[in-house]
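Q: Here is a sequence together with a model predicted from it:
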Amino acid sequence: MAHCNTIFGQMLKLIPRHHFSGLEQQYGTGRAARSFSRWDQFVHLLFMQLTGRVSLRDGIAGLKARVRSLYHLGVQAVARSTFADANNRRPASFFEALFGRFYQRCQPVSPRHKFKFNNKLYSLDATVVQLCLSLFPWASFRRTKGAVKINTLLDHDGYLPALVTITEGRRHEAKAASLPRLPRGSIVVVDRAYTDYAWFRTLKNNGLFFVIRQKSNAVYQVKEHRPVPRRSGVTADQIISLTGPKAASYPYLLRRVCYTDPKTGKKYVYLTNNFRLSPQTIADIYKERWQIEIFFRWIKQNLKIKAFIGNSANAVMTQIYVALIAYLLLCYFKFLSGINIGLQELFRLLQLNLFRKCSLQEIVSPEEQFDDLVNNFNQLSLNIA
């Protein structure tokens, strides 16, 4: 029988160690690295995400119970105080960079978005994680409440988080909406909270398209009425220009698409700087923005980003970035294996088999193994007969 590492060990091998070591050299290790390296810290944090551990004591005890596995994972046992100190003091930017590096690794194997156009498609939004203000005084949100915002750019190729910035809860989404250099022609979908015409001008000047719902107080002038398809939810397709105080912020033409959902009867009005796609496609693009809400719901329900093992801003950000790396690991394995099961089911299978010694593929295709077992048994019976 061929030797197999544990499922956890195989998942860790999906992250190239030379990438990890390169980031260690870039960010430095510090004196404490000899007794508790960044790799030790990462493995402990990832273990806690994959097993649902909610406290430092619980996480450390869970790995200590696997003494042999610790050796094969290349990590060593650690004191609770040392683990807590590392989470508080070692810059979370290291794990932010590791998250970004692994997203790049996922891109070549991720499935393409569902639309026919070739443009890259992204959704930008933020979700709030409530915190106790007395325990997290730096995370100001309301007068008596604390929170952090996870600002996320979701790549619709595989529904992967492409960029994540973590801010205090009271910071407005539009002020955290700085984007990396995206491929020219990319389409960015946002909700009305991101209405900022100066930012739209920046997107246009960078060769990007945007789709957003129009605010009810927008002041504009219709320049052209374009034909709309019959028997569709599209009720208007117009070329407009802004008037009033906002006109100077965005002195270009915009496209205004009015749409009524045939199922609900709800009316929507969209603004975009893309004049080539059909109005129905514009409406469908905005509807696809719901995928980022599904992403937020998934990580909140399955990963540990609502209860934290440290109270400092650095510890909170470290835990969130490791949680997102865990999400990318699940997606990467799903894409590589080509398995036809949901991410939720895959996550449960990995949790149940994390320290089992078998191949990753084996735990997601038990039916095939059972069929092989039956066939082998039948063949053995024939040979005996």
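A: Perfect, thanks for sending it.

Q: Isn't residue 306 up against residue 131?
A: No: counting by C-beta atoms under 8 Å, residue 131 is not a contact partner of residue 306; they are 9.1 Å apart. C-beta coordinates here come from the backbone N, C-alpha and C atoms, glycine included.

Q: So these two - more neighbours on which side?
A: Between residue 306 and residue 131, residue 131 has the larger neighbour count (other C-beta atoms under 10 Å), namely 24 against 12.

Q: Next up, phi/psi of that one, please.
A: Main-chain dihedrals, residue 131, degrees, to the nearest 10: phi -130, psi 160.

Q: list the contacts for the nearest residue to it once chain neighbours are set aside?
A: In space, and not counting its chain neighbours, residue 131 is closest to residue 146: 4.0 Å by C-beta to C-beta, 6 or more residues apart in numbering. By C-beta atoms under 8 Å, 6 or more residues apart in numbering, residue 146 lies in contact with 130, 131, 132, 133, 135, 136, 137, 139, 140, 169.

Q: Reformat those as JSON lines; add secondary structure, distance to residue 40 and pLDDT.
A: Formatted as JSON lines, the contacts of residue 146 follow (DSSP: H, G, I helix; E, B strand; the rest coil; distance: C-beta to C-beta, whole Å; pLDDT from 0 to 100):
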{"residue": "130", "secondary structure": "strand", "distance to residue 40": "31", "pLDDT": "93"}
{"residue": "131", "secondary structure": "strand", "distance to residue 40": "27", "pLDDT": "92"}
{"residue": "132", "secondary structure": "coil", "distance to residue 40": "29", "pLDDT": "90"}
{"residue": "133", "secondary structure": "coil", "distance to residue 40": "32", "pLDDT": "89"}
{"residue": "135", "secondary structure": "coil", "distance to residue 40": "26", "pLDDT": "91"}
{"residue": "136", "secondary structure": "coil", "distance to residue 40": "26", "pLDDT": "93"}
{"residue": "137", "secondary structure": "coil", "distance to residue 40": "29", "pLDDT": "91"}
{"residue": "139", "secondary structure": "coil", "distance to residue 40": "27", "pLDDT": "90"}
{"residue": "140", "secondary structure": "strand", "distance to residue 40": "33", "pLDDT": "87"}
{"residue": "169", "secondary structure": "coil", "distance to residue 40": "31", "pLDDT": "87"}
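
Q: So among the residues you listed, which ones count as buried?
A: Buried subset of the contacts of residue 146 (neighbour count, 16 or more other C-beta atoms under 10 Å): 131, 133, 136, 139, 140, 169.

Q: The residue nearest to residue 131 and residue 280: what is the separation?
A: Applying C-beta to C-beta, to the nearest Å, the value for residue 146 to residue 280 is 43 Å.

Q: Next: residue 332.
A: 34 Å.

Q: can the buried ones among the contacts of residue 146 go into a markdown table with extra columns for distance to residue 152?
A: A markdown table is the format used below for those (distance: C-beta to C-beta, whole Å):
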| residue | distance to residue 152 |
| --- | --- |
| 131 | 18 |
| 133 | 24 |
| 136 | 20 |
| 139 | 18 |
| 140 | 21 |
| 169 | 15 |
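
Q: between those residues, which is closest to residue 354?
A: residue 131 (28.8 Å; C-beta to C-beta).

Q: is it true that that closest one touches residue 139?
A: Yes: with contact defined as C-beta under 8 Å, residue 131 counts as touching residue 139 (4.8 Å).

Q: Overlap of the contact sets of those two?
A: Common neighbours of residue 131 and residue 139 (C-beta under 8 Å, 6+ apart) are 146, 147, 148, 169, 316.

Q: what's across from the residue nearest to residue 131 in the sheet?
A: Beta-bridge pairing of residue 146 under DSSP bridges involves residue 131, residue 140.

Q: just to revisit the earlier point, compare residue 332 and residue 280 and say which one has the larger neighbour count.
A: Remark: of residue 332 and residue 280, residue 332 carries more neighbours, 21 against 16, as counted by other C-beta under 10 Å.

Q: how would you label residue 257: helix, strand or coil?
A: Secondary structure, DSSP: H, G, I helix; E, B strand; the rest coil: residue 257 is strand.

Q: where's it relative to residue 234, distance?
A: On the measure of C-beta to C-beta, residue 257 and residue 234 end up 7 Å apart.

Q: before we move on, what about residue 15?
A: Note on residue 15: its distance to residue 234, by C-beta to C-beta, is 46 Å.

Q: Tell me which stretches of the stretch 101-250 of the chain form strands.
A: Using DSSP state E, counting those that start in this stretch, the strands found in the stretch 101-250 of the chain span residues 121-131, 146-155, 160-168, 187-190, 209-213, 220-226, 234-242.
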